[in-house]
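# the sequence isn't on hand, but the structure is:
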C-alpha cells in the first residue's frame, strides 16, 4: 500500500489526506487555436450569417434591380423550390450518377495501384503520377478540351456517325451524357486516391489467409478486401458527391451543358450575377448546403462510419 498520500498533521499522529494537485492548463494551446478560430469566424461564420440574412430579404417597392431591404420573407424559399425544383432534382441525379461511375472506375484503378503494383514501386509511382497529373492542368482547360472532343466537328462524334452507332443528326455536347461524363472525369481522382490510400495499407496476409482457407478470389474480395477498404470508399464518395452537386462548370452551356442540363450551381450563378436576385440565390445556396449536409449525415451513419462526421 502506498502511504505517500497521507501525512501527519500533528505530533499526536492524526492523519489527513493530502490535497490533490490540480494540473493547470497551459494557455499556449488556446493562443495557438486563436488564429484558426478567427479565420473561421471571418471567412465562414460571417459570410454564412450574411447569406442567411440575404435569403430573407425582399425587394424595395419602386426600387432598382438588385435593390433589396431587410425583412423576414420566408416565401423566398417556397418560391425558389417551386421554380427550380427540376434543377434541384437534376443536380442530385447527375451528382449521384457521377459518383457511381467514379466508384466503378476508381476502385479497380486504386486496387491495381495499391495492391497489384505494390511489389513494383517504380510502376506504382508512375501510376500515381498519371493519376494526379490532371491536377496540374486547369479545371477550365480540361473541360474546354472535352468540349472540343465531343463537338460535332470532333473525332468522337464523327467516328460514331461513321460506324452508324448514332443518328446522323445526333450530338453529344449539351446532353446529360456529356455533363455526367465531365463530372465523372473531373472527380475521378477524388474517388480513387482515398481508396488507394486505404488499400495501400491493407495487410496482404489477410488476403493470403483467405486463399489458404480455399476461398476463391471473388469471395476473398467480398469478405476481406472490400470491407477493409470501406473507409476509403466513404471518403471518396463524399469528396466526389459534394462538389459534383454544386458544380456549375460542366453543366454550363459554355462548356459541356445547355439550358436543358442546368444544375443548381448554374441557377445560383445566374441569380447572383445576371438577374441580381440575391435573396433567391442565397436561399438556393442554403437549400443546397442543408440538403447535402442531411444526405451526407444519413449516408455516413448508415454506412457505420460515424467518426467521419
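Alright, I've got the coordinates. Since we're looking at a predicted model, the values are computed, not measured.
# pull out the buried residues from the strand or helix carrying residue 194.
Residue 194 is part of helix 176-200 when elements are defined by DSSP states H and E. Neighbour-count burial for helix 176-200 flags 176, 178-200 (criterion: 16 or more other Cβ atoms under 10 Å). (C-beta placed from N, C-alpha, C; glycine too.)
# okay, now the unreliable bits of the stretch 101-250 of the chain?
For the stretch 101-250 of the chain, not a single residue meets the criterion pLDDT under 70.
# the helices in it, which residues?
121-132, 139-150, 155-162, 176-200, 204-212, 217-220, 226-228, 230-245 (DSSP state H, counting those that start in this stretch).
# out of these, flag the one nearest residue 96.
Among the helices of the stretch 101-250 of the chain, the nearest to residue 96 by Cβ to Cβ is helix 230-245 (7.1 Å).
# mind listing residues that contact the closest one?
The contact list for helix 230-245 (Cβ atoms under 8 Å, 6 or more residues apart in numbering) reads 91-92, 94-96, 98-99, 102-103, 106-107, 110, 183, 187, 190-199, 263-264, 288, 292, 296, 299-300, 303-305, 308.
# swap the cut-off to 7 Å and go again
Here helix 230-245 makes contact (Cβ atoms under 7 Å, 6 or more residues apart in numbering) with 91-92, 95, 98-99, 102-103, 106, 183, 187, 190-191, 194-195, 197-199, 288, 292, 296, 300, 303, 305, 308.
# now do the buried residues in that helix.
231-245.
# equivalent analysis for stretch 50-66, please.
In stretch 50-66, counting by 16+ other Cβ under 10 Å, buried: 51, 54-57, 59.
# tell me the one among these nearest to residue 151.
The closest of the buried residues of stretch 50-66, once distances to residue 151 are taken by Cβ to Cβ, is residue 51, at 37.3 Å.
# nothing else from me, thank you.
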